[in-house]
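J.: below: sequence and its predicted model.
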Amino acid sequence: MARTKSLWTAILMGTLGIVGPQAASGQMPGAVPERHLLRIGFGGGMSVPTSGTAEALEKGINGQAFLLIDTGFIPPLRLNLGYQKFDLKEMVGGGPAGDTRILSGVAAFSMDLFKAGPVRPYVMAGLGAFSVRDAIEGSGNGTTSESTTKFGIDGGAGLAFKLGRLEAFVEGRVQNIYTEAGAINAGSIRAVPVTFGVLF
């Protein structure tokens, strides 16, 4: 009887010794997160005009929606649709009111700096098209608007915080619209969007 009890005790301890570490490893904060082929993200926040743009425009708002495609063979591809709106600054002595709106479509690669733990820092860079519409309300002349579409680059960095299946993120990006002055031109940077959002 004592020998049988000792045998069952040994078997139980051996089973716990095998299963225990495996279960614990699945719950460790440093475990590599599972990969999802398709994820959808939404966000919004503040856009800060830069360079000469800051002299004419107030701080604006931005919103975005994107699809994140992760095949595992290349860095995740991010297809981003963004919107920004800025009001014209009030001039001394008054002046026309108006706003600038930017609608953008960008394809970018997103790369994690590391994947361990609940915090995931990442960087991104891509190319896209930017449709810029400037509207000015004249006194008695209605609203005058002008639209132009240019290609440009969009890049930045962010932090994602794992919340179960979801992730909350905060990121900052720099947008450089191509102009006749050259592809990389400080004067062509329209804004720096700072966005808070959720990735499903």
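T.: In hand now; what should we look at?

J.: going forward, measure contacts between C-alpha atoms and count neighbours the same way
T.: Will do.

J.: my guess is residue 158 contacts residue 122. True?
T.: Yes: applying C-alpha atoms under 8 Å, one finds residue 158 in contact with residue 122, separated by 5.5 Å.

J.: tell me which residues touch residue 62, please.
T.: 44, 45, 46, 47, 82, 83, 84, 85, 193, 195 (C-alpha atoms under 8 Å, 6 or more residues apart in numbering).

J.: ok, and the closest non-adjacent residue to it?
T.: Closest residue to residue 62 apart from its sequence neighbours, by C-alpha to C-alpha, 6 or more residues apart in numbering: residue 84 at 4.3 Å.

J.: continuing past the biggest strand by length in the chain, what's the next helix or strand?
T.: Secondary structure of the chain read by DSSP state E shows that its longest strand is strand 142-163. Using DSSP states H and E, the helix or strand that follows strand 142-163 towards the C-terminus is strand 166-177.

J.: packing partners of that following strand?
T.: For strand 166-177, the packing partners by 3 or more C-alpha pairs under 8 Å, 6 or more residues apart in numbering; DSSP states H and E come out as strand 142-163, strand 189-199.

J.: quick one: the spatially most central residue of the chain from residue 137, how far?
T.: Closest to where the C-alpha atoms of the chain average out (C-alpha atoms, centre = their mean) is residue 171, at 5.3 Å. Taking C-alpha to C-alpha, to the nearest Å as the measure, residue 171 and residue 137 are separated by 33 Å.

J.: just residue 146 next, same as before
T.: Residue 146 sits 12 Å away from residue 137, going by C-alpha to C-alpha.

J.: neighbour count winner among these two?
T.: Each of residue 146 and residue 137 has its neighbours counted (other C-alpha atoms under 10 Å); residue 137 has more, 15 against 10.

J.: in contact with the nearest residue to that one once chain neighbours are set aside, which residues?
T.: Leaving aside its sequence neighbours, residue 137 sits nearest to residue 143 (C-alpha to C-alpha, 6+ apart; 4.3 Å). By C-alpha under 8 Å, 6+ apart, residue 143 lies in contact with 135, 136, 137.

J.: pretty sure the first one contacts residue 102?
T.: By that I understand residue 135. No: judged on C-alpha under 8 Å, residue 135 makes no contact with residue 102 at a distance of 11.5 Å.
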